[in-house]
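**Q** turn this into a structure:
(chains A and B)
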2 protein chains.
Amino acid sequence: VTAADGEPSGARGLLRDLAREVGDEHVLAEPDLLAGYTTDWTRRYAGGALCAVRPGSAGQVAAVLRACAGYSAAVVPQGGNTGLVGGSVPPGDGSRGRGVVVLSTRRLRDLGPVDPLAAQVTAGAGVTIADLRAHAAAAGLAYGVNLASRESATVGGTIATNAGGINTIRYGATRSQLLGIEAVLADGSIVSRLSGLAADNVGYDLAQLLAGSEGTLAVITTARLRLWPAEPAAVTLLAGVDGIAAAAALHAEIRALAPGLRAAEYVEAAGVELVRELTGLPAPLSRPAPAYLLAEISGSADEAERLAALPSLARAAVAMDAAGRAALWAYRERHTEAISALGIPHKMDVAVPLARIAAFRAELDQAVRAAANGAGGAGPAPRVFVFGHIGAGNLHVNVLGPDPADGTVDEAVMRLAAVHGGTISAEHGIGRAKAGLLHLSRSPAEIAAMRAVKAALDPGDLLNPGVLLPG
Amino acid sequence: VTAADGEPSGARGLLRDLAREVGDEHVLAEPDLLAGYTTDWTRRYAGGALCAVRPGSAGQVAAVLRACAGYSAAVVPQGGNTGLVGGSVPPGDGSRGRGVVVLSTRRLRDLGPVDPLAAQVTAGAGVTIADLRAHAAAAGLAYGVNLASRESATVGGTIATNAGGINTIRYGATRSQLLGIEAVLADGSIVSRLSGLAADNVGYDLAQLLAGSEGTLAVITTARLRLWPAEPAAVTLLAGVDGIAAAAALHAEIRALAPGLRAAEYVEAAGVELVRELTGLPAPLSRPAPAYLLAEISGSADEAERLAALPSLARAAVAMDAAGRAALWAYRERHTEAISALGIPHKMDVAVPLARIAAFRAELDQAVRAAANGAGGAGPAPRVFVFGHIGAGNLHVNVLGPDPADGTVDEAVMRLAAVHGGTISAEHGIGRAKAGLLHLSRSPAEIAAMRAVKAALDPGDLLNPGVLLPG
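**A** Purely as a prediction, here's the structure:
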């Protein structure tokens, strides 16, 4: 590794020390090699870094943190770099990133044997969710988290962001899969608890504290994860509903009847139309509806019959075979693609208490229009698409029209969610994108408590500064 | 409130200030009134306190904490006082407790309406688990935590100790029910997040941090809790097994077949015999076995038939009606009573990874004998009873014989669990009883991280000093 011309000698010293710790070939400072580590996959967030470093063990992670601390360089931990809020790339603050090192965990790919008795597995932070799922499936078990970015998203990254996905109403988010963790703290000390105890009531749960901490408290290197019995046969159904209140009510009705409810997604006619334009799919039901509830329930044909007895499901489409189920899921899953085909959308990820979700939805379009106009929007009228995990009140709000670089619309949607007791981040996290709006979802007392915890575990602000907590 | 004779004026001043904040009648300093707050229900832990104070709101809790901080008095938060590790009573250090105030949360008994759409409820810290369960049941829903002390144990206490119970393999421990919390930090600031968002990925999860923190980080005043669909019909079965390895394997076999598995308990012949002597119950099976697995599965008669097809369940007792199920549960649930009828047992609450649990069990009796003899035990040979939640590897080890005041046997059992990768506390917590043995279950780096968090949120060591973290 040679420092680029003009780098100060401190940078050269750090590059040299890092190379000594992890090997020359795992310190990437050439711009071409570095680019993939300093830009997120949405290309909305990019910054500069001195280098990306790829340690191969927890010990090497500790050495990297110590070296960076010695040079007062910030460390940006990075997994699959599939986040949506700029939490895994350096700040784009024009500093050319001399004082920033991206620490990639992707080489930490050890994947232990599945423990069939306990239904658990130990996985390195760099293992992808797809590999983890395949590994569990080979042992007749399942991993509880499933999300669209599974081929790139990693165990470490999904823990650091407490990733959700389509099965959270059945299995919980990533936090709920976590039985233990190995992580390196800012001072280079390694905390490790991987014995896989489902009951271990010994003080503050550090694994739970690190879940969702977005790389600001530690670098996660390994996790002990819960697995579930292989998913049994499923019934997928798509029901037309009058709107979001009806979708929430129908979801609760199905939940009461079917303990095996494992997904409940909400889509609207506008989004379904876009998907149909993109894919050529037929109308989902013979009678169009303003919105739809897509539900999936673990169960047999008996279960399907029981559900079909619900009056509200009399005209629902029901599928039990893989092809039929995939066809119904396409109306939900191809939303992102269909919307992106028309332009770069504003993507918000809010959740609102179910009791308030209809009020939020009723005010949403007007709030977006007002923000777009207020931002001097002479462009096309904004188009609002809403879909998401109705069981958790989690709505993905996508807006096409306003300049993607202008955050006015995003902030207006988040403020509206907050007004209704909701959150500015249901599952994507805060990252760099929303750190400045943290106060919309957390009180001064809560933010002060978070800052106290951060200062306690990372007094030098080494780990991911500027992410999550505003600078 | 009048200070007892001889109290220093500082104590008088604090009593006066507390009375001003919460009302005279809620500051209990008379020895007769105070005794119930300074002795735990097992009568193994007792200490002295200046008074017990019973605030009626989060604001009053904050005022109490500020007043105590002003006089450098320690605060011992207390819920139902049903813990087993001395975490909710003052230290018995001979100081007469002049500098200690017990803060009872039992007056915080607000219980909000059940939200049927979200399946959630907001409950004050002082609501008992029995009241919470009844409240949920009246709305056709269920609370996921059930434990023997439900009539006294409170929402706040069970969160602070992350209480487990008999349904954790289905619903998780108390931590998993927690959607939000209101709590008062040591500086008197109130953090409150009760909107009930099942998805809310906004930084460090303070509710999860407080769960299991045993009153050392904050006083929990209110919680937003998840509810579950009412429990459907259940099948209860009791199967004879050759030992603990067979019980663990059979539990895994049932789990794979029956997603509705909601309890899996392990008992041994010695304990079952004691229960039969106490109760006059008949032998559970026509053919005696060295150990038994008691499993309960949500499901219908179909489910029972499917399970009966397992060769290992060919001779199991199966019950589907309430009376028959209760009869099978009695073999497990009356263990504590049957053992206590013979003397005061040593009660250990360990968990061991399932892969190591047979080795732990094989070495246990010898380890207990060696410890009892080494402690100069001229008394009767120790009798060892083992039972517990096999799904989590959680074994309650009860030992009769050695002097109850001598901790040698307790420590030997905890050390043996640690040797096998297990924990000294599966569900009871650390409290005062095991703080000195914390190092058996947490590394120096982990303990240092816990201490850093404690110092960050409670720099004056106001809250429950000496509990959880050794002094």
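**Q** quick one: terminal-to-terminal distance for stretch A:22-31?
**A** Taking Cα to Cα, to the nearest Å as the measure, stretch A:22-31 stretches 19 Å from start to finish.
**Q** revised request: answer the last question for stretch A:166-184.
**A** For stretch A:166-184, the first-to-last residue distance is 30 Å (Cα to Cα).
**Q** hmm, it in reach of chain B?
**A** Yes: part of stretch A:166-184 sits close enough to chain B to count as contact by Cβ under 8 Å from any Cβ of the partner chain, namely A:Thr168, A:Ile169, A:Gly172, A:Ala173, A:Arg175, A:Ser176. (C-beta placed from N, C-alpha, C; glycine too.)
**Q** can you tell me how far the second one is from B:Thr122?
**A** For A:Ile169, the distance to B:Thr122 under the criterion Cβ to Cβ, to the nearest Å works out to 20 Å.
**Q** what of A:Gly203?
**A** According to Cβ to Cβ, A:Gly203 and B:Thr122 sit 27 Å apart.
**Q** when these two are compared, which one has more neighbours?
**A** Neighbours were tallied for A:Gly203 and for B:Thr122 using other Cβ atoms under 10 Å in any protein chain shown; the higher tally belongs to A:Gly203 (25 against 22).
**Q** next, give phi and psi for the more buried one.
**A** When read as degrees, to the nearest 10, the backbone of A:Gly203 gives phi 80, psi -160.
**Q** with A:Ala263 instead?
**A** phi -160, psi 140.
**Q** ditto for the one 4 residues further on
**A** Main-chain dihedrals, A:Val267, degrees, to the nearest 10: phi -140, psi 160.
**Q** confidence score at it?
**A** pLDDT recorded at A:Val267 is 98.
**Q** same check, this time on A:Ala314
**A** 82.
**Q** the closest residue to it other than its chain neighbours: neighbour count?
**A** In space, not counting the residues next to it along the chain, A:Ala314 is nearest to A:Ala308; the distance is 7.7 Å by Cβ to Cβ, 6 or more residues apart in numbering or on different chains. For A:Ala308, the number of neighbouring residues by other Cβ under 10 Å comes to 13.
**Q** does A:Ala308 really touch A:Val318, like I thought?
**A** Yes: with contact defined as Cβ atoms under 8 Å, A:Ala308 and A:Val318 form a contacting pair (6.8 Å).
**Q** dump the residues of stretch A:166-184 next to chain B into a markdown table; add neighbour count as well.
**A** Conversion of the residues of stretch A:166-184 next to chain B to a markdown table gives the following (neighbours: other Cβ atoms under 10 Å in any protein chain shown):
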| residue | neighbour count |
| --- | --- |
| A:Thr168 | 27 |
| A:Ile169 | 23 |
| A:Gly172 | 19 |
| A:Ala173 | 25 |
| A:Arg175 | 23 |
| A:Ser176 | 18 |
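**Q** these: which two are farthest apart?
**A** Spatial extent of those (Cβ to Cβ) is set by the pair A:Ile169 and A:Arg175 at 14.2 Å.
**Q** next, the buried residues of the worst-scoring helix or strand of chain A on mean pLDDT.
**A** Among the helical and strand segments of chain A, the one scoring lowest on mean pLDDT, DSSP states H and E is helix A:301-308, with a mean of 77. When burial is assessed from 16 or more other Cβ atoms under 10 Å in any protein chain shown, helix A:301-308 yields the following buried residues: A:Glu303, A:Ala304, A:Leu307.
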